[in-house]
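Trainee: Build me a structure from this.
(one chain, ligands or ions: 2)
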Amino acid sequence: CLDGLECILDDVISEMCPILASTRSALKKVFSCSSDEEIGPFNTEMVSECIRCGRDIARTANKRGNQLVRNGVSLEAYSPSLHHFFTTEVSKDTQKTAQVSQELISATKLIRMKLCSSSQVTPNTFLAYLENNVIRPHELYCKPFSKKCLDDKYRTIDGTCNNKEHPGWGRRGAPFTRIAVPRYSDGIYGMPVAKSGRALPNPRLLSTRIFADRPIGSRVSTYLNMQWGQIVTHDIASQAMEYTDEGGIQCCLGNGQDMLPQDMLNDKCIPIAVPEGDVFYRQFGIKCLNFVRSITTPKDDCSLGYAEQMNTVTSYLDGSVVYGSDAKTATKLRTYSGGRLKEENKRQCKKGFLPTVDDKFATCDLRNISHPCYLTGDVRVNQTPTLVVLHTLLLREHNRVADKLSSMNPLWTDEKIYQEARKIVIAQIQHITYQEWLPLNFGEAYLRYYGISPRSLYSRSYSEDVNPGIISSFTSGAFRFLHTMIPDSIMACSSNYQAAYMYKLSDYYFNPNIVETSKDSFDNIVRGIVTQPSSEPDPFFSSEVTNLMFKGRDKWGLDLIAMDIQRGRDHGIASYNDYRETCGLRRATTFQDLIGEISQDRINTLAQLYECVDDIDLFVGGALEKDVQGSVLGHTFQCIIAEQFYRTRIGDRYFYDNGEMPHSFTPEQLKEIKKASIARLICDNTEGVKLIQRKAFEVESPCNPKLSCEDYENIPHVDLTAWKRPKFELYD
Ligand code: HEM
Ligand SMILES: [Ca+2]
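Mentor: Ligands and ions are numbered 1, 2, ... in the order given. Reported below is the predicted structural model:
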């Protein structure tokens, strides 16, 4: 803490709003209001004044951001950084909420500074005080979340009211949750720094020095296994980047030729500098990679405190990738006839494709207006053609189920069929994830340990006390490690699985046209993803994502791994060492203490790059740990991911096998749902895929041979006659 008003003002201004000279006078008022004695720990007048001033600062910053874009500091067409913004869709209401949270963050910083400058309160005491003593602004300014819930038989679209005691838990727009105290440099929102106060190692340097490319295919898992992981991710988590009214935010000069000078920099910018000796980027003269902070959201009770980032989709594994996380999207996707979702027919294919998005060029990198660009429940759908394939399979499954239900129950309304089909598709997604996907990747033992292994029939483990919200270190740390499973290319196979064609991933980001170039394209890609191995889950990542991600017409793209590290810092994720403790390992005091979990050569590399063992980023330390037996992960990531999938299941009142609830499936129905598999989903929703291995997340082998889709003994189907009701039975 500093003495003297001018000194304090300089400190505040440089930390919070480096270029907002206009806020100086507003700040002056806050900092000169009263004498030390009068202030007391939390004088309400002072708090209101700080909230007012925080609001002014955040609003001025926002206006300035818009102005910068209008003045031409904007993203270039077809650039990787513009494509990155294709994955962010911020609705007006989201933007408003995010803005209020920025105002509260500014207010929190002001109060902390004011107390620090005038009393013995240290930043830590202040934060501890805030944890225990809720301070919040007037309800007219930020209204705590509340909702009256009906006793609903079906899930809401936005996730509210799943938990009746806490109707906001798991909803679209909820804050990510935390299992360790954040490491913001100022305790509130500042980008983390090393223990010494110096900068943490450059994320691009860490990416190239530790995670360089070594393309090895997995001997166990297929491309489909990786692709399902991404679908699961997109169902439960989506952070969005800060946005201006005028579009995305540019943080680099030109297309990355240099860092932007301070006076042209949006305060949400945290660009990644490309180090001098970078062999890849420097050949193209690229010195700066665009990177923008995630939007934040007020806590459910609107209280002041450190920044929390917003999850813009429902945290439940509830098919939001198919149906949307908000009413407007959900409505747009429905036909309102026969319970069906919209689909389009293409090239004499009997099965439908996803509908076309309203503004193709704002969402896809198309070379040609006739190329497809799709609309579904999640904005990231067009990121890769294989992601489109999975979305399409799920859309087709919904309509297949809806058609069957409606032909068996001709009196059912559109709404009834839609909701029942939705419930069945969600149940299948949950079953495939918990029965097939999690055990393959993380081992049966952990599912047993956490009490979330499949039950013979019903489970009764729902707990109202478990918050199903997505844990920040899960989504901005641990789960991103599975980026290691992304292969270089996408394989397409002909009908006899013989001839194959490889497409480079980087040629098809946001350009999914290869799924419908010919009548057979879709099925060819499906055969490819069940045949092609995923990349080996090791600490090496494909240069298709570390150098070329979202490459448009340039020769270079972004670095996903540098972004994973930077995003972890943006969200204030606690350090690797903190998570060792959270997860029951001994805290390391020297680099050498890591020897139980990390090999000696990797410890040496870490020691060269980081100043202190406490500085290691969660993503980096976790990625280097030796695998736990039966899992693709080390101890720390396993612990975080296990905790998340426990919460996602136990905290979901509508989880598909929950028994004794008004909305529970009948025993006959549940038995059928439990026959679902990813192999059957593919067989039922493609035209020309006639053969598939029973365990389609695993590569073909003598123990897992390709079988006929008509082999109902080994690849059973979900018999929907369990949903046939007596002809004149009435329904709500
Ligand atoms: C070709 C495949 C994939 C691509 C191109 C891709 C790309 C991306 C990108 C661009 C982001 C946002 C980066 C940021 O701004 O911070 C991201 C986030 C993420 N990815 Fe991937 N990813 C892929 C596959 C996967 C897979 C297989 C998994 C896990 C099984 C995964 C897990 C995640 C998670 C957890 C996040 C954070 C989600 C959020 O909170 O918004 N991704 N990925
Ligand atoms: Ca969801």
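Trainee: From now on I want contacts and neighbour counts done on CA atoms only, so please keep to that.
Mentor: Fine.
Trainee: low pLDDT regions in the stretch 101-250 of the chain?
Mentor: Scanning the stretch 101-250 of the chain for pLDDT under 70 picks out the ranges 116-123.
Trainee: go again using 90 as the cut-off
Mentor: Applying pLDDT under 90 to the stretch 101-250 of the chain flags residues 110-141, 150-151, 212-215, 246.
Trainee: Kindly report the residues of it close to ligand 2.
Mentor: Residues of the stretch 101-250 of the chain found near ligand 2 (Cα under 5 Å from the ion) are 235-236.
Trainee: all helices in the stretch 101-250 of the chain, in order from the N-terminus.
Mentor: For the stretch 101-250 of the chain, the helices defined by DSSP state H, counting those that start in this stretch occupy 123-132, 203-210, 223-236.
Trainee: Pick the most buried one from those helices.
Mentor: Of all these, helix 223-236 has the most neighbours on average by mean count of other Cα atoms under 10 Å, namely a mean of 22.
Trainee: of all the helices of the stretch 101-250 of the chain, which lies closest to residue 600?
Mentor: helix 203-210 (13.6 Å; Cα to Cα).
Trainee: After the least confident helix or strand in the chain by mean pLDDT, which helix or strand is next? Please name it.
Mentor: In the chain, no helix or strand scores lower on mean pLDDT, DSSP states H and E than helix 36-39, which sits at a mean of 39. Using DSSP states H and E, the helix or strand that follows helix 36-39 in sequence is helix 44-70.
Trainee: which parts of that next one are buried?
Mentor: Using 16 or more other Cα atoms under 10 Å as the test for burial, helix 44-70 gives 46-62, 64-69.
Trainee: Give the other helices and strands that that helix contacts.
Mentor: helix 23-31, helix 92-118 (3 or more Cα pairs under 8 Å, 6 or more residues apart in numbering; DSSP states H and E).
Trainee: Kindly provide the distance from the spatially closest residue to residue 244 that is not a sequence neighbour to ligand 1.
Mentor: Distances taken as Cα to Cα, 6 or more residues apart in numbering put residue 66 closest to residue 244, at 5.5 Å, once the chain neighbours are dropped. According to Cα to the nearest ligand atom, to the nearest Å, residue 66 stands 21 Å off from ligand 1.
Trainee: Contact partners for residue 66?
Mentor: 244-246 (Cα atoms under 8 Å, 6 or more residues apart in numbering).
Trainee: who wins for most neighbours among those residues?
Mentor: Within those, most neighbours by other Cα atoms under 10 Å means residue 244, with 19 neighbours.
Trainee: Residues in a beta bridge with it, which ones?
Mentor: On the basis of DSSP bridges, residue 244 is bridged to residue 247.
Trainee: pretty sure it is touching residue 65, no?
Mentor: Yes - contact criterion Cα atoms under 8 Å: residue 244 and residue 65 qualify, at 6.3 Å.
Trainee: Redo the helices of the stretch 101-250 of the chain as JSON lines? Include distance to ligand 1.
Mentor: JSON lines is the format used below for the helices of the stretch 101-250 of the chain (distance: least, Cα to the nearest ligand atom, whole Å):
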{"stretch": "helix 123-132", "distance to ligand 1": "25"}
{"stretch": "helix 203-210", "distance to ligand 1": "12"}
{"stretch": "helix 223-236", "distance to ligand 1": "4"}
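Trainee: Nearest spatial neighbour of residue 553, chain-adjacent residues omitted?
Mentor: residue 78 (6.5 Å).
Trainee: Thought residue 365 was touching the one you found, still the case?
Mentor: Yes - the pair residue 78 / residue 365 is scored as a contact, 6.7 Å apart, by Cα under 8 Å.
Trainee: overlap in contacts of these two?
Mentor: With Cα under 8 Å, 6+ apart, residue 78 and residue 365 have common neighbours residue 552.
Trainee: Name the residue in these two with the higher neighbour count.
Mentor: residue 365 (28 against 17).
Trainee: quick check, the more buried one in a strand?
Mentor: No - counting by DSSP: H, G, I helix; E, B strand; the rest coil, residue 365 is not found in a strand; it is coil.
Trainee: Give me the phi and psi for it.
Mentor: Residue 365 has phi and psi values of phi -100, psi 70 when expressed as degrees, to the nearest 10.
Trainee: Tell me the predicted confidence for it.
Mentor: pLDDT recorded at residue 365 is 93.
Trainee: Now do the contacts for it.
Mentor: Applying Cα under 8 Å, 6+ apart, the residues near residue 365 are 78, 83, 509-511, 552.
Trainee: one step back: from ligand 1, how far off is the residue nearest to residue 553?
Mentor: From residue 78 to ligand 1 the distance is 16 Å (Cα to the nearest ligand atom).
Trainee: and that residue, what is it in contact with?
Mentor: So residue 78 contacts 365, 552-553 (Cα under 8 Å, 6+ apart).
Trainee: Now flag whichever of these is closest to residue 564.
Mentor: Nearest member of the contacts of residue 78 to residue 564, counting by Cα to Cα, is residue 552, at 20.5 Å.
Trainee: secondary structure element for the closest one?
Mentor: Here residue 552 is assigned to no helix or strand, by DSSP H and E.
Trainee: Tell me which residues touch it, please.
Mentor: 78-80, 83, 365, 507, 509.
Trainee: if I look at it, how far off is ligand 2?
Mentor: 30 Å (Cα to the ion, to the nearest Å).
Trainee: I figured residue 401 was touching residue 421, is that so?
Mentor: Yes - at 5.7 Å, residue 401 and residue 421 qualify as touching, with contact defined as Cα under 8 Å.
Trainee: Give the buried residues for stretch 712-730.
Mentor: Using 16+ other Cα under 10 Å as the test for burial, stretch 712-730 gives 715-718, 720, 722-723.
Trainee: what does this structure have sitting close to ligand 1?
Mentor: 226-227, 229-230, 233, 237-239, 475-476, 479-480, 482-483, 486, 563-564, 567 (Cα under 6 Å from any ligand atom).
Trainee: contact partners of stretch 79-98?
Mentor: 75-76, 173, 239-241, 243, 248, 250, 255, 289-291, 295-298, 362-365, 379-380, 383, 510, 549-554, 557-558.
Trainee: what is the mean pLDDT for it?
Mentor: Stretch 79-98 shows a mean pLDDT of 91.
Trainee: Tabulate the contacts of residue 552 (a markdown table), appending distance to ligand 2 and secondary structure.
Mentor: Formatted as a markdown table, the contacts of residue 552 follow (distance: Cα to the ion, whole Å; DSSP: H, G, I helix; E, B strand; the rest coil):
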| residue | distance to ligand 2 | secondary structure |
| --- | --- | --- |
| 78 | 30 | coil |
| 79 | 30 | coil |
| 80 | 27 | helix |
| 83 | 23 | helix |
| 365 | 26 | coil |
| 507 | 29 | helix |
| 509 | 23 | coil |
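Trainee: Just the buried residues of those.
Mentor: Among the contacts of residue 552, the ones that count as buried by 16+ other Cα under 10 Å are 78-80, 83, 365, 507, 509.
Trainee: of the residues you listed, closest to ligand 1?
Mentor: Using Cα to the nearest ligand atom, residue 509 is the member of the buried ones among the contacts of residue 552 that lies nearest ligand 1, at 7.5 Å.
Trainee: Pick out the residue in the stretch 51-200 of the chain sitting closest to ligand 1.
Mentor: Distance from ligand 1 to each residue of the stretch 51-200 of the chain (Cα to the nearest ligand atom) is smallest for residue 84, at 6.3 Å.
Trainee: Does that residue belong to a helix, a strand or coil?
Mentor: helix.
Trainee: re earlier: okay, the contacts of residue 552 in a markdown table with distance to residue 461 next?
Mentor: Listed next are the contacts of residue 552 as a markdown table, based on distance: Cα to Cα, whole Å:
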| residue | distance to residue 461 |
| --- | --- |
| 78 | 49 |
| 79 | 48 |
| 80 | 45 |
| 83 | 42 |
| 365 | 46 |
| 507 | 46 |
| 509 | 41 |
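Trainee: What is the nearest of the residues you listed to residue 203?
Mentor: When the contacts of residue 552 are compared for distance to residue 203 (Cα to Cα), residue 80 comes out closest, at 17.8 Å.
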